[in-house]
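Enquirer: Structure for this input, please:
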Amino acid sequence: MRKLLVPVSLLALVSLVGVLAFFGGGAWTLKKMPTLEAPLETVTESSNEKIVTAVDRQEQLVLLSANVQGLSEERANRGNLPGTERTQFVKYTYRAKLGIEGGDVNIKETGDNRYLISVPEFIFIGHDRAKFEIAVENNGPLSWITPDIDTAKTITKILNEDAKAEQVKENRDLLEDQTENFYTGIIHGIDDQVEIEFEFR
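Expert: Down below sits the predicted model:
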């Protein structure tokens with residue numbers, strides 16, 4: 001049987017070509033890899049900044065809607081003459097919207113993970129679902145000499161500034177509770193370890 005003799009020099013040449021191909025390919029791969037010319041920037045935002053941003057609301061904030069109903073009485077007569085009296089009862093319902101000016105809320109960091117929220121005066125923001133109707137009218141036998149009662153003026157009186165202030169006063173405890181729940185929910189949604197105090201005017 002014949003043995004195939006391969007010259008040592010040929011084996012050395014083949015090995016050298018393989019080594020060059022391996023390192024050459026590696027060098028080409030490294031050359032194609034992207035290089036980082038500058039380190040990546042680390043963007044950080046403190047919990048304090050997030051909380052202040054979340055609380056900062058410029059619009060009016062409705063915290064409570066209260067259903068109001070009542071019966072308003074108006075009387076008129078001509079010079080206190082008997083029989084000239086007019087009486088009108090107006091039944092009314094509406095939904096009062098109570099809250100605060102969001103832009104006047106102030107938040108201050110008072111310590112490590114502690115904040116004080118100063119809340120402005122509660123206000124009557126508006127109303128909807130209003131319904132006014134004359135429930136009863138009682139007129140004396142000589143009431144024709146007395147001018148008709150102006151129902152529009154009665155409605156205006158029902159919604160005057162004193163009535164609005166009374167709605168705020170009657171619902172103050174609920175408004176304070178709603179304020180605390182609202183802002184606590186926002187802040188604890190960012191960091192539930194924060195302690196919050198409230199200051200009401």
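
Enquirer: Surely residue 148 is within a helix?
Expert: No. Residue 148 is assigned coil when assessed by DSSP: H, G, I helix; E, B strand; the rest coil, not a helix.

Enquirer: Now it: closest residue in space that isn't a chain neighbour?
Expert: residue 86 (7.2 Å; CB to CB, 6 or more residues apart in numbering). For the C-beta atoms, the positions are set from N, CA and C on the backbone; glycine is no exception.

Enquirer: Also residue 58?
Expert: residue 103 (4.3 Å).

Enquirer: so what's that neighbour up against?
Expert: 56-59 (CB atoms under 8 Å, 6 or more residues apart in numbering).

Enquirer: Tally up the residues packed near residue 181, please.
Expert: 11 (other CB atoms under 10 Å).

Enquirer: measure it to residue 147 for me?
Expert: For residue 181, the distance to residue 147 equals 50 Å [CB to CB, to the nearest Å].

Enquirer: can you check residue 200 too?
Expert: From residue 200 to residue 147 the distance is 46 Å (CB to CB).

Enquirer: Settle it for me: which of these two has more neighbours?
Expert: Using other CB under 10 Å as the criterion, residue 200 and residue 147 rank with residue 200 on top: 15 against 9.

Enquirer: quick one, phi/psi of residue 150?
Expert: phi -80, psi 100 (degrees, to the nearest 10).

Enquirer: what number of residues lie near it?
Expert: 12.

Enquirer: Quick check: what element follows the helix or strand bottoming out on mean pLDDT in the chain along the chain?
Expert: In the chain, no helix or strand scores lower on mean pLDDT, DSSP states H and E than helix 8-32, which sits at a mean of 47. Using DSSP states H and E, the helix or strand that follows helix 8-32 towards the C-terminus is helix 47-55.

Enquirer: if we look at that next one, which residues are touching it?
Expert: Contact with helix 47-55 is made by 105, 107, 109, 113, 115, 117, 183, 186-187, 189-191, 194, as judged by CB under 8 Å, 6+ apart.

Enquirer: Let me know the average pLDDT across the helix or strand where residue 130 lies.
Expert: Assessed by DSSP H and E, residue 130 sits inside strand 123-139. Averaging pLDDT along strand 123-139 gives 93.

Enquirer: Check which residues of that strand are buried.
Expert: 123-125, 127, 132, 139 (16 or more other CB atoms under 10 Å).
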